[in-house]
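Novice: only the shape, not the letters, is given here:
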C-alpha cells in the first residue's frame, strides 16, 4: 500500500504564492477605490492568508491518500477505483482525480505531482493487465 501524504514545505510554498497575490490584490483594490493608504491592502492580504494557513495546517496535513491494488482511498470517505478514473492532472502542488461520474478529488500539497500521477497510472496499468 502506497501513501500520499501532504508535505509541509509544499504547503508553505503554496501559501507564499497566495500571500503575494492577496497582498497585490488588496493594494490594487484600495488604489482603484482611491484610498490614499494602499499599503493597508498588503497588510490585510498578508494577515488573511497567514491566518488561513495557521488555522488549516493541522487539518490539511492529516489528509492522507492511500493506494491499494484496486484504487485510491482518501480522507472523509473519498474513494476512486482505478477503472472509474477518467483523468489525472496537476493543479499547482496537487493532483486532481476526475472520475467517469464527474467526481473530483485533490491529493493536496505533493512535492512532485507528476510522480504521483506516474505511480497511479502504473498501478492502473498493472491492474488492467
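Specialist: Arrived safely. Keep in mind it's a predicted model, so treat the numbers as computed, not measured. Residues are numbered from 1 along each chain as shown.
Novice: centroid-nearest residue for this structure?
Specialist: Central residue of the chain (C-alpha atoms, centre = their mean): residue 108, 3.4 Å from the mean position.
Novice: do you know the pLDDT at that one?
Specialist: Residue 108 is assigned 96 on the pLDDT scale.
Novice: in stretch 107-120, which residues are buried?
Specialist: Residues 107-110, 113, 116-117, 120 are the ones in stretch 107-120 that count as buried (16 or more other C-beta atoms under 10 Å). Yep, even glycine has a C-beta here, placed from its N, CA and C like the rest.
Novice: now do the end-to-end distance for it.
Specialist: Its first and final residues considered, stretch 107-120 spans 12 Å by C-alpha to C-alpha, to the nearest Å.
Novice: before we move on, the earlier item: in JSON lines: the buried residues of stretch 107-120, plus distance to residue 93 and secondary structure.
Specialist: Shown next, in JSON lines, are these (distance: C-beta to C-beta, whole Å; DSSP: H, G, I helix; E, B strand; the rest coil):
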{"residue": "107", "distance to residue 93": "10", "secondary structure": "strand"}
{"residue": "108", "distance to residue 93": "7", "secondary structure": "coil"}
{"residue": "109", "distance to residue 93": "5", "secondary structure": "coil"}
{"residue": "110", "distance to residue 93": "6", "secondary structure": "coil"}
{"residue": "113", "distance to residue 93": "6", "secondary structure": "helix"}
{"residue": "116", "distance to residue 93": "10", "secondary structure": "helix"}
{"residue": "117", "distance to residue 93": "13", "secondary structure": "helix"}
{"residue": "120", "distance to residue 93": "16", "secondary structure": "helix"}
